[in-house]
Structures are given as C-alpha cells and as structure tokens.
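Student: predicted coordinates and the sequence they were generated for:
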Amino acid sequence: MTGFGTGTASDGRISVTIEMRAVNQRFLELNIRMPHAYLALEDTIRNGIKEQLHRGKVDVFVTVQDLAPEMPRVQIDYASLTACRDALTEAKNKLFDGAPVTLSDIISLNTDWFSQEPPIIDADACRPVFCQSLDQALQGMTTMREREGANIQADLLRRTDTMSDIIESIAERRPQIIQLYEERLQKKMTAILEKLQVQPEKDRLLQEVAVYADKVDFTEEVVRFRSHVLQLKGLLEASGDTGRKLDFLIQEMNRETNTIGSKAQDLQVTEQVLRLKNEIEKIREQVQNIE
C-alpha cells in the first residue's frame with residue numbers, strides 16, 4: 001500500500017527528521033539512507049519499521065542536524081612541524097634572503113604534521129530521539145495507509161458481492177447442464193449399441209449415463225466457492241494482518257472457478273466463469289498490497 005510519513009524529534013543536542021515513502025509491493029523492501037556517522041542505529045530503524053509494516057517498497061530518509069556541535073579534536077605532530085621549519089629556514093638562509101619562517105610558509109608547503117578528527121558520536125545516547133522521530137513517521141504512514149485501506153476494503157466488498165451473484169447464476173444453470181448432458185450421452189450410447197446390434201438394457205443404460213453425467217456436476221465446487229466468499233468477507237472485515245490469508249484464499253477461488261469451467265462445458269457458464277475470473281484477478285491485484 002502507498003503512504004507517506006514524516007517525524008522530527010530533538011533532544012537539545014541533535015534534531016532528527018525521518019521521512020518515509022511507500023509504494024505497493026507484495027513483500028516488504030526497505031531502503032534506508034542516513035548519515036554514515038549514525039549507521040549503528042540503522043537496525044533500530046529497520047526493526048521498528050518491520051514491527052508495523054509487512055508489505056511495500058519503503059524508502060526511508062534520515063536527516064540529522066547538530067544543534068550543539070562539539071569542537072573537533074586537533075592533533076599536531078610537533079616533531080614533523082619542527083623538521084619542516086628547520087628545513088625551510090636552512091633553505092632560506094642558503095638560497096634566499098634569510099627572512100624568518102612563518103607558519104603560513106610551512107602550511108603552503110606541507111600539512112602532514114596537522115590532523116583533525118570529528119567528535120566521537122555516542123549512538124546509544126542518540127537512540128531515543130531516533131525512535132521518537134521514527135514513531136511519528138510511522139504514525140503518519142499508518143494513518144495514510146488506513147485511509148487507503150478503507151477505500152480498498154469497500155471496493156473489495158463490492159466485488160465480493162458481485163462474485164456471489166455470479167456463482168449463484170452458475171448454480172442455477174447446473175440442472176439444465178446435467179439434463180442436456182444426460183440426453184446427449186444417452187443418444188450417443190443408444191446409437192452405438194444399435195450400430196453394434198445390441199439391445200440396450202434401459203436400467204443399465206441409465207446407470208451408465210448417471211455415472212458419466214456426474215463428471216459435469218460442479219456442485220462441490222459451487223459449495224466451496226460459496227464458503228470462500230464468506231471467508232473473504234470475514235477477512236476483509238477483520239482487523240490485523242490478513243493480506244497473506246487473502247492471497248491464499250484468492251488462489252483457491254481461482255482454482256474452483258477453473259474447475260467449474262472445465263466441468264460445465266456450457267457457453268452460458270463459460271461467460272459467467274470469465275466474469276468471475278475477471279473479478280478474482282482484480283481482487284488479487286489489490287490483495288497483494290494489503291497488510
């Protein structure tokens with residue numbers, strides 16, 4: 001499901017802003033971008049997101065502003081600096097005017113004697129402000145997703161009602177299909193027996209016809225499909241993580257639909273089966289994005 005969330009928190013030393021953008025995807029994929037100095041907290045952010053989000057491609061952007069910057073640590077290698085000064089002094093005395101060597105003269109030639117290190121960051125001390133910012137971002141993301149989810153739920157419930165109507169129209173066609181199939185089968189079997197000059201036994205013939213006619217009876221599939229519709233409605237109206245259950249249920253409904261189509265071999269039923277598969281496919285596309 002799509003969504004956006006942002007959060008900002010501060011502890012007086014740093015200000016942390018976390019932005020999250022999510023687009024539809026069957027599984028959860030997290031892409032987190034944050035300052036290198038705070039990479040030790042990436043797992044904290046990742047685990048916090050996984051506790052609430054289970055599907056979608058989520059891009060996370062972490063920005064940190066230093067509100068009370070510490071002075072960097074500066075170190076001077078006095079032995080190297082002294083060696084540079086003495087060498088430059090000797091060169092000036094021998095080859096130039098012998099003027100005193102200044103620090104600017106040395107810096108213009110060499111800075112290997114000078115090093116500056118950024119202040120050490122205590123990641124554990126920064127963890128609470130990161131968590132607070134993440135909670136705000138997740139709350140905004142969840143609110144937006146819930147609004148989208150409500151719209152999807154209404155659409156899926158409408159489609160579920162449509163599928164219920166279609167399966168009932170298919171069920172109403174069943175007696176006619178079986179009757180027509182029995183009549184065709186009986187005629188064919190009678191013709192074959194007459195060609196072979198065999199007198200058909202009426203009871204035996206009706207028994208064989210009934211056995212073969214059972215192959216076009218899709219009552220069991222219709223009953224199971226009705227049950228799946230009820231389960232689908234229940235899952236759509238339930239709270240919690242139902243996305244994967246819905247995904248599995250849609251696969252079962254599609255399987256029952258294919259079986260009905262192959263058994264019936266009837267033009268009217270085939271048209272209804274195509275309508276049913278169209279609704280199932282539209283539901284399947286939506287279900288893959290539901291948490």
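Tutor: That came through fine. Numbers count the residues shown, from 1 in each chain.
Student: what strand or helix carries the closest residue in space to residue 219 that isn't next to it in sequence?
Tutor: Spatial nearest neighbour of residue 219, excluding adjacent residues (C-beta to C-beta, 6 or more residues apart in numbering): residue 174 at 6.7 Å. Just so you know, the C-beta spots here come from the backbone N, C-alpha and C atoms, and that holds for glycine as well. Residue 174 belongs to helix 123-195 when assigned by DSSP states H and E.
Student: who does that helix touch, helix- and strand-wise?
Tutor: Packed against helix 123-195, as judged by 3 or more C-beta pairs under 8 Å, 6 or more residues apart in numbering; DSSP states H and E, are the following elements: strand 3-10, strand 14-23, helix 42-50, helix 202-213, helix 219-237, helix 243-264, helix 267-287.
Student: swap the cut-off to 7 Å and go again
Tutor: strand 3-10, strand 14-23, helix 42-50, helix 202-213, helix 219-237, helix 267-287 (3 or more C-beta pairs under 7 Å, 6 or more residues apart in numbering; DSSP states H and E).
Student: residue 131 is nearest to which of those?
Tutor: helix 42-50 (6.7 Å; C-beta to C-beta).
Student: after that closest one comes which helix or strand?
Tutor: Heading C-terminal from helix 42-50, the first helix or strand you meet, by DSSP H and E, is strand 56-66.
Student: residue 141 versus residue 94, what's the distance?
Tutor: Separation of residue 94 from residue 141 (C-beta to C-beta, to the nearest Å) stands at 72 Å.
Student: one more: residue 191?
Tutor: Remark: distance between residue 191 and residue 141 (C-beta to C-beta) = 70 Å.
Student: looking at the two, which is more packed in?
Tutor: More crowded of residue 191 and residue 141, by other C-beta atoms under 10 Å: residue 141, with 26 against 10.
Student: pLDDT wise, what is that one at?
Tutor: Turning to residue 141, the model gives it a pLDDT of 91.
Student: just checking, it touches residue 20?
Tutor: Yes - under the criterion of C-beta atoms under 7 Å, residue 141 makes contact with residue 20 at 5.3 Å.
Student: common neighbours of those two, please.
Tutor: Contact criterion C-beta atoms under 7 Å, 6 or more residues apart in numbering; residues shared by residue 141 and residue 20: 4-5.
Student: which of the helices and strands packed on helix 123-195 is buried the deepest?
Tutor: strand 14-23 (a mean of 20; mean count of other C-beta atoms under 10 Å).
Student: in its sheet, which strands sit next to that one, and in what direction?
Tutor: Strand 14-23 has the following sheet partners, assigned by DSSP bridges: strand 3-10 (antiparallel), strand 56-66 (antiparallel).
Student: quick one: low-confidence ranges for the stretch 1-150 of the chain?
Tutor: By pLDDT under 70, the weakly predicted segments of the stretch 1-150 of the chain are 1, 70-71, 118-119.
Student: check which helices and strands the helix or strand in which residue 85 is found sits against.
Tutor: Using DSSP H and E, residue 85 falls within helix 78-95. Judged by 3+ C-beta pairs under 7 Å, 6+ apart, the packing partners of helix 78-95 are helix 103-109.
Student: buried sites along the helix it packs on?
Tutor: residue 106 (16 or more other C-beta atoms under 10 Å).
Student: after it, next one along is what?
Tutor: Downstream of helix 103-109, the first helix or strand assigned by DSSP H and E is strand 114-117.
Student: what strands flank that following strand, and is each parallel or antiparallel?
Tutor: Strand 114-117 is paired, per DSSP bridges, with strand 73-76 (antiparallel).
Student: show me the contact partners of the strand it pairs with.
Tutor: For strand 73-76, using C-beta under 7 Å, 6+ apart, the contacting residues are 113-117, 119.
Student: follow-up on the earlier one: so how far is the helix holding residue 174 from its chain's centroid?
Tutor: In terms of C-alpha atoms, centre = their mean, to the nearest Å, the centre of helix 123-195 is found 19 Å from the chain centre.
Student: can you mark which positions in stretch 156-170 are buried?
Tutor: 156, 159-160, 162-163, 166-167, 170.
Student: for that stretch, give the mean pLDDT please.
Tutor: Mean predicted confidence for stretch 156-170 is 93.
Student: from residue 126, how far out is residue 120?
Tutor: Distance, residue 120 to residue 126, using C-beta to C-beta: 12 Å.
Student: which SS state does residue 98 fall under?
Tutor: Secondary structure for residue 98, judged by DSSP: H, G, I helix; E, B strand; the rest coil, is coil.
Student: list the contacts for it?
Tutor: Listed by C-beta under 7 Å, 6+ apart, the contact partners of residue 98 are residue 92.
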